[in-house]
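J.: The following block contains a protein sequence and its predicted model.
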Amino acid sequence: NLFSLLLFGMLRAHVALRAAREGFRGGSRPWIGPAALARRTASSSHARELTRAEHASPQSSRADTPWPLQQEHCKADGMAAWVDGGGFRPEVDYGLIREERAAEVAALPEVQQWGLFLAKLRAGECTPYTGQRALSSCDMTAEQLLLVLDAGMATLALHMEARVAALLGQGFYTIGPCGEELLAATGLALRPTDATALHYRHLAVQLARQLAGGANVRALLRDRLRGYAVSRLDPVSGGMHCLLGGGPRDFVVTSTLASQAPPAVGRALGNTLAHLLGVPHPTFPRNFVSFVSVGDGSIHNGHFLSALNMAKYAQHRGARCPVVFAVSDNNLCISLRGEHYMDCKFVRQCGLPVFQADAQDVVDTYAQSQAAVSAARRRAAPVLLHLKNIARRFGHAATDRQAAYLRADEIATLAATNPLEGACALAIEAGITTSAALAQRLEEIHSTVLECMQEVVQEPKVTSRAEATVHLQQPLVPLHPDHHVSNVPSIHNTKRGNVMRKNMTSVLSELLSENQDTVYIGEDVEHGGYYLVTEGLARKFPLRIRDFPPDETSLVGAGMGYAQAGLVPIVEIPYSKYLDCGGDMFSEACLSNWLSAGQQPNGMIVRLQGFDRGVFGGNYHTHNMLNILPGLDVVCYSNGEDYVRGWRYLLRQARAGRVVMSVDSTNLLNLRHVLEGDDAWKRSYPPANEVLPFDQVMIYGHGSSSSS
């Protein structure tokens with residue numbers, strides 16, 4: 001399709017441009033061997049391994065590559081060179097390139113501030129944070145404080161090297177988490193069984209959560225760097241993007257402002273329903289918390305407001321909805337100044353219990369995060385965690401022209417505001433560690449980052465159409481052993497048959513009866529819907545036919561969350577044009593499988609009404625344009641018998657993780673006759689073992705009168 005061709009073209013252009021650039025810069029010696037690396041790493045060969053546990057991190061325990069391509073290692077000068085499909089990938093000596101451009105690297109503000117921080121640690125001159133809350137004021141342990149410092153230092157080192165790698169043409173992601181290093185303390189408030197969906201700046205939260213679970217530091221650093229280098233071995237996205245995640249309950253977040261929020265509410269509601277229904281293997285325990293974070297600019301975004309409203313509505317209706325909305329507040333939305341709107345207005349009007357933490361105070365951040373998560377867990381209700389007083393140290397990304405909207409003194413002040421310094425001073429003052437030990441730790445982490453960067457720039461990237469599209473959807477699952485495909489259409493005239501709508505209602509009842517984990521959600525569906533398709537089903541399945549407010553963003557987001565919580569949702573959109581109102585969320589549902597290298601599918605059926613001539617007009621009620629995205633199956637049935645057969649197959653594919661959209665023509669729902677009085681459009685209900693796969697075509701009629 002067009003999407004695949006465009007993506008493949010972009011990948012080929014990227015590879016050609018990169019090869020040309022490297023060849024030009026290197027002259028007759030564009031690819032450097034391992035000799036310089038060996039010299040450089042020899043001095044650190046006796047450094048202690050940066051681990052908190054001997055076993056590998058959860059995400060590193062997966063198979064190294066998600067694609068069935070030929071990958072071997074071949075020894076060349078004592079170092080591995082990738083062989084992909086029989087061809088050598090020349091080695092990149094990242095360290096040597098870095099040394100050759102040392103002056104440019106040293107000019108980066110991130111590198112300069114790193115040097116100042118290291119010098120202060122070596123000299124024992126870390127300045128305590130003004131107003132620092134005492135460590136004894138909460139239950140934060142010495143080990144937890146050291147873990148936060150580890151995660152914070154790793155966050156700083158990773159971001160600095162991301163900017164360096166971008167300068168050198170070896171890294172491709174520079175959105176910066178610096179200034180938010182102490183949010184690592186927030187990660188400690190979460191249990192391994194809690195769900196997270198983190199704003200792309202909240203790397204420290206992710207690292208702390210993984211370290212607390214016993215992950216290997218080196219593996220964590222390498223895997224994050226793989227994202228920066230768009231390595232095909234990136235365990236989160238497989239080289240498609242740079243995303244936070246890696247654990248089974250860490251849900252990937254795209255670069256939209258707040259699209260992670262509606263599914264987070266859906267996970268909270270879906271998990272409650274999964275346990276009420278007795279689903280055998282729900283994704284989360286009953287007392288889990290759904291944690292979702294955004295930046296302060298995102299509180300204005302429709303995705304966030306939709307999710308916030310849905311959570312408040314659910315609480316009002318008495319539903320369990322344990323969601324923590326965490327907002328990191330640096331008072332900047334890229335270039336737009338926040339003017340303290342978050343503090344002055346939003347927190348007072350949001351309608352949720354609010355927990356506020358000074359994000360430059362590690363103890364306060366820990367204590368308030370613990371309180372917020374505990375409250376959401378205890379009350380099974382939504383709360384807001386406001387992480388304020390954050391300094392965005394080095395701009396939004398490497399392309400950010402801060403000088404266009406900030407004064408020079410403001411930029412300098414932000415860059416020099418290092419929250420790690422105050423946290424280090426606290427640990428030293430409490431006798432937990434020494435300044436020299438922290439300096440050594442900072443250097444060790446950065447040394448490991450450099451070694452890992454040398455590894456990941458050697459790794460293969462996605463360079464073919466097959467690789468780029470292999471994870472668009474989960475694989476089709478075969479037919480159930482008891483099912484068979486009928487190749488003979490029912491064309492006989494029968495007075496005993498049903499109009500299409502009644503067969504549609506019957507097959508929904510059949511599927512809900514046979515599948516306890518299947519639910520049907522939409523707008524006005526409990527009383528039967530606009531066309532009576534769900535008539536009577538709410539009485540038979542009172543927990544599983546549920547109305548939602550008329551907001552397609554929260555409705556589709558809830559469908560995603562339900563699927564992630566272990567349910568199989570059917571999401572009804574009352575008119576096809578209404579899907580446009582939730583278009584961004586629908587796009588996320590379709591593309592998440594691709595973004596996560598097939599690890600986070602959103603198996604669901606979207607039932608779309610209102611296509612074709614309809615019953616009455618108007619832009620929003622009869623609309624003949626569909627947005628068909630990659631990662632989506634689309635079907636449209638012409639009669640009730642095929643509808644029944646087809647939906648049996650759809651549910652099986654949705655359960656396997658595919659997103660399927662069934663488009664209904666409202667003109668056909670109650671149609672009885674092909675010719676006046678012949679009842680030829682009515683159909684009987686097919687036997688339970690008959691199904692209609694995607695690739696099966698039923699032909700009705702012959703010659704010029706045929707239709708399918």
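T.: Yep, it's here. Residues are numbered from 1 along each chain as shown.
J.: So which bits of stretch 578-594 are buried?
T.: 578-582, 584-594 (16 or more other CB atoms under 10 Å). For glycine as for every other residue, the C-beta is placed from the backbone atoms N, C-alpha and C.
J.: Tell me which helix or strand comes right after the helix or strand hosting residue 347.
T.: For residue 347, the host element (DSSP states H and E) is helix 347-349. Per DSSP H and E, the first helix or strand lying C-terminal to helix 347-349 is strand 354-358.
J.: what is the rounded mean pLDDT of stretch 647-664?
T.: Averaged over stretch 647-664, pLDDT sits at 96.
J.: what do you get for stretch 144-162?
T.: Computed over stretch 144-162, the mean pLDDT rounds to 97.
J.: now swap in stretch 481-496 and tell me
T.: For stretch 481-496, mean pLDDT rounds to 63.
J.: same deal with stretch 570-588?
T.: 91.
J.: Same question for stretch 449-461.
T.: For stretch 449-461, mean pLDDT is 95.
J.: cool, stretch 343-350 as well?
T.: On average, stretch 343-350 scores 93.
J.: Show me which positions of that stretch end up buried.
T.: By 16+ other CB under 10 Å, the buried positions in stretch 343-350 come out as 343, 346-347, 350.
J.: before we move on, the earlier item: just checking, what packs against the helix holding residue 347?
T.: Contacts defined by 3 or more CB pairs under 8 Å, 6 or more residues apart in numbering; DSSP states H and E place helix 347-349 against no helix or strand at all.
J.: switch the cut-off to 10 Å
T.: Packing contacts for helix 347-349, counted by 3 or more CB pairs under 10 Å, 6 or more residues apart in numbering; DSSP states H and E, involve strand 354-358, strand 383-388.
J.: Same list, those strands, but as TSV with mean pLDDT, distance to residue 307 and mean neighbour count please.
T.: Putting the helices and strands packed on helix 347-349 into TSV (pLDDT from 0 to 100; distance: least, CB to CB, whole Å; neighbours: other CB atoms under 10 Å) gives the following:
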stretch	mean pLDDT	distance to residue 307	mean neighbour count
strand 354-358	98	16	21
strand 383-388	98	12	24
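J.: how about those strands, which one is nearest residue 531?
T.: strand 383-388 (39.6 Å; CB to CB).
J.: now the helix or strand following the closest one, how far from the chain's geometric center?
T.: Sequence-wise, the next helix or strand downstream of strand 383-388 (DSSP H and E) is helix 408-416. Distance of helix 408-416 from its chain centroid, counting by CA atoms, centre = their mean, to the nearest Å, is 32 Å.
J.: For helix 408-416, buried residues please.
T.: 411, 414-415.
J.: what does stretch 135-153 give?
T.: Of the residues in stretch 135-153, 135, 140, 144-153 count as buried by neighbour count, 16+ other CB under 10 Å.
J.: re the thing from before, mind listing which of the buried residues of stretch 578-594 are in strands?
T.: In strands, judged by DSSP state E, none of the buried residues of stretch 578-594 are found.
J.: quick one on the thing from earlier: closest one to residue 657 out of the buried residues of stretch 343-350, please.
T.: residue 350 (34.6 Å).
J.: can you put the buried residues of helix 408-416 in TSV and add pLDDT and distance to residue 292?
T.: As requested, the buried residues of helix 408-416 are exported to TSV (pLDDT from 0 to 100; distance: CB to CB, whole Å):
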residue	pLDDT	distance to residue 292
411	95	30
414	95	26
415	95	29
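J.: could those residues go into a markdown table alongside distance to residue 520?
T.: Listed next are the buried residues of helix 408-416 as a markdown table, based on distance: CB to CB, whole Å:
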| residue | distance to residue 520 |
| --- | --- |
| 411 | 53 |
| 414 | 50 |
| 415 | 53 |
